[in-house]
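J.: Provide a 3D model corresponding to the input given below.
(6 chains)
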There are 4 protein chains.
Amino acid sequence: MVVLLSNTDNEPLFAQIKRQIRRQIVTGAMVTGDELPSMRRLALDLQVSLITTKRAYDDLEAEGLIRSMPGRGCFVASQTGEYLLEKKRNLVQEKLAEGIALARDLGLERNDAQTLFDLLWENE
Amino acid sequence: MVVLLSNTDNEPLFAQIKRQIRRQIVTGAMVTGDELPSMRRLALDLQVSLITTKRAYDDLEAEGLIRSMPGRGCFVASQTGEYLLEKKRNLVQEKLAEGIALARDLGLERNDAQTLFDLLWENE
Amino acid sequence: MVVLLSNTDNEPLFAQIKRQIRRQIVTGAMVTGDELPSMRRLALDLQVSLITTKRAYDDLEAEGLIRSMPGRGCFVASQTGEYLLEKKRNLVQEKLAEGIALARDLGLERNDAQTLFDLLWENE
Amino acid sequence: MVVLLSNTDNEPLFAQIKRQIRRQIVTGAMVTGDELPSMRRLALDLQVSLITTKRAYDDLEAEGLIRSMPGRGCFVASQTGEYLLEKKRNLVQEKLAEGIALARDLGLERNDAQTLFDLLWENE
DNA sequence: GTGGTCTAGACCACG
DNA sequence: GTGGTCTAGACCACG
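T.: Model prediction:
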């Protein structure tokens, strides 16, 4: 499992950790049963507080992506491919919805918005 | 000019004020030269601190959308229709970019993302 | 005498009035002995408060450019061409000094500053 | 980082702080990644309100010169040398433009203005 | 500890 | 009346 923290970003550390682990699970880089590093181990590696890694793991467990087994460690929870695809769609939909709500609020034409969408998709 | 505040939202008060006034300017509901309510008047109406309205007005002035004139009041700045359209596109693009970055990060197919986009546009 | 007020400018009204009258005197558009409109007349014409025109006239009298004769009116004070040229130079020098102090403070090369100066002079 | 405040100046406190920190960044006295003193620390040292230092830091962040990271501190943002030189030129140009506009408004000859420029550059 | 938001006051110049 | 600056407090999330 790979987590890289950015200090030049406004995103809180715990959120960066959470987001990167989630991405590795929903993209299939980590699969059901894989063991995550312990909270203490990860805190040491990333040079952050234990509270920060615990917050990330707690949130991921609440989302159902991982399971912590006290005394044994943390593992990727079991889930179907369909569930993961659905999860991807939900995450993306949340973000896209904000942009589209704004576009409609400002009275932007659909064509205009579609053009932005296409440009962004090509160039990123 | 109409501004409505939500306390059940975690968007800061000054940001809500800023966003709503900006929308009224970029959509043409307020035009060049229109006078905004005084910072004090608006603070009273919305039952927030004077500093909260001032923060919103200061930010809008930094964006070039309004001009404050000491002793006289605050007014919608002069700007071309083309500038406003550009401003709309920029605001929407910022938001959409986050969703698209996420979609690509998660390995979502373009077709999948486009479907989400279409659904969101129809149903909102 | 011509004075035009801008409401789209941050410069206080009394300062706009003062600056425009001063310019007409130092450029020779108004000469020694010319009568200025009364403070009340000017306040009416410009649709500003009497206090605003009085502040402008008081400041110009303090600079020695005009003389107010109670009961008779306000007149351009007597002064030599050399004095006016000196006055021009002083006004310009004050402004330029700020830019040059900043340029040196930031460690800008003299060539760089001179290039900016030339460009600004050509294009304005 | 060094900031000195003048109370005998009518430049606002937050503007003095902003200007001095900006100078240290554009001159290279502080470089990318350097940590600024916390807003609270600086407020204590300078004996000003926390809000005054925050206002300065907020403005610098809006200019893109620093980045604040909640819970961690404020740091000099990453930027290229070319960007900094451009930034210097812009700051100086703004100031010089006022002097040159005035010189032309007063009908001063270009030679006269150039002489003032040279004198000021030598003697400062 | 850090920055982010917010309040309730104050005094100033300007109109 | 208007906006501009400043203070002395508060509570929050995050580390």
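J.: ok, now which ones touch A:Asp112?
T.: A:Ala103, B:Arg89 (C-beta atoms under 8 Å, 6 or more residues apart in numbering or on different chains). Every C-beta, even on glycine, is put in place using the N, C-alpha and C of the backbone.
J.: tell me the SS of A:Glu11?
T.: Following DSSP: H, G, I helix; E, B strand; the rest coil, we place A:Glu11 in the coil state.
J.: what's near enough to touch it?
T.: A:Arg19.
J.: ok, the spatially most central residue of chain A - contacts?
T.: By C-alpha atoms, centre = their mean, chain A has its centre lying nearest to A:Arg19, at 2.8 Å. Applying C-beta under 8 Å, 6+ apart, we find A:Arg19 in contact with A:Glu11.
J.: for the one 4 residues further on, same thing?
T.: The contact partners of A:Arg23, taken as C-beta under 8 Å, 6+ apart, are A:Ala29, B:Asp105, B:Leu106.
J.: Is any residue of the lowest-mean-pLDDT helix or strand in chain A near chain B?
T.: Least confident helix or strand, chain A: helix A:81-105 with a mean of 86, by mean pLDDT, DSSP states H and E. Yes: using C-beta under 8 Å from any C-beta of the partner chain, helix A:81-105 reaches chain B at A:88-89, A:91-93, A:95-105.
J.: Show the subsequent helix or strand relative to the helix or strand that contains A:Arg22.
T.: Here A:Arg22, judged by DSSP states H and E, is contained in helix A:13-26. Next helix or strand after helix A:13-26 toward the C-terminus (DSSP H and E): strand A:35-36.
J.: in its sheet, what does that next one sit against?
T.: strand A:73-76 (antiparallel) (DSSP bridges).
J.: Whatever residue of chain A ends up closest to DNA strand E: what's it in contact with?
T.: Relative to DNA strand E, the nearest point of chain A is A:Asn10 (7.6 Å; C-beta to the nearest atom of the strand). Residues near A:Asn10 by C-beta under 8 Å, 6+ apart: D:Arg67, D:Met69, D:Pro70.
J.: mind pulling up the phi and psi values for the last one?
T.: Yep, that's D:Pro70 we're talking about. Dihedral pair for D:Pro70: phi -50, psi 130, per degrees, to the nearest 10.
J.: Now do the domain split for chain A, please.
T.: A:13-76, A:81-123 (automatic domain parsing).
J.: Could you tell me the least trusted of those domains?
T.: Sorting the domains of chain A by mean pLDDT places domain A:81-123 lowest, at a mean of 87.
J.: Quick one: end-to-end length of it, please.
T.: 29 Å (C-alpha to C-alpha, to the nearest Å).
J.: same thing with stretch A:104-111?
T.: 12 Å.
J.: what do you get for stretch A:66-83?
T.: 14 Å.
J.: hmm, who's touching that stretch?
T.: By C-beta under 8 Å, 6+ apart, stretch A:66-83 touches A:21, A:25, A:30-36, A:38-39, A:57, A:60-61, A:64-65.
J.: Considering the residues you listed, which possesses the most neighbours?
T.: A:Ile21 (25 neighbours; other C-beta atoms under 10 Å in any protein chain shown).
J.: any idea how far A:Ala29 is from that one?
T.: Distance of A:Ile21 to A:Ala29, given as C-beta to C-beta, to the nearest Å: 10 Å.
J.: Repeat that for A:Asp59.
T.: With C-beta to C-beta as the criterion, A:Asp59 and A:Ala29 are 19 Å apart.
J.: Give me the more crowded residue out of those two.
T.: Between A:Asp59 and A:Ala29, counting by other C-beta under 10 Å, A:Asp59 is the more crowded of the two (17 against 13).
J.: Now do the contacts for the more buried one.
T.: Going by C-beta under 8 Å, 6+ apart, the list of residues near A:Asp59 reads A:Phe14, A:Lys18.
J.: Kindly recompute the last result at 6 Å.
T.: A:Lys18 (C-beta atoms under 6 Å, 6 or more residues apart in numbering or on different chains).
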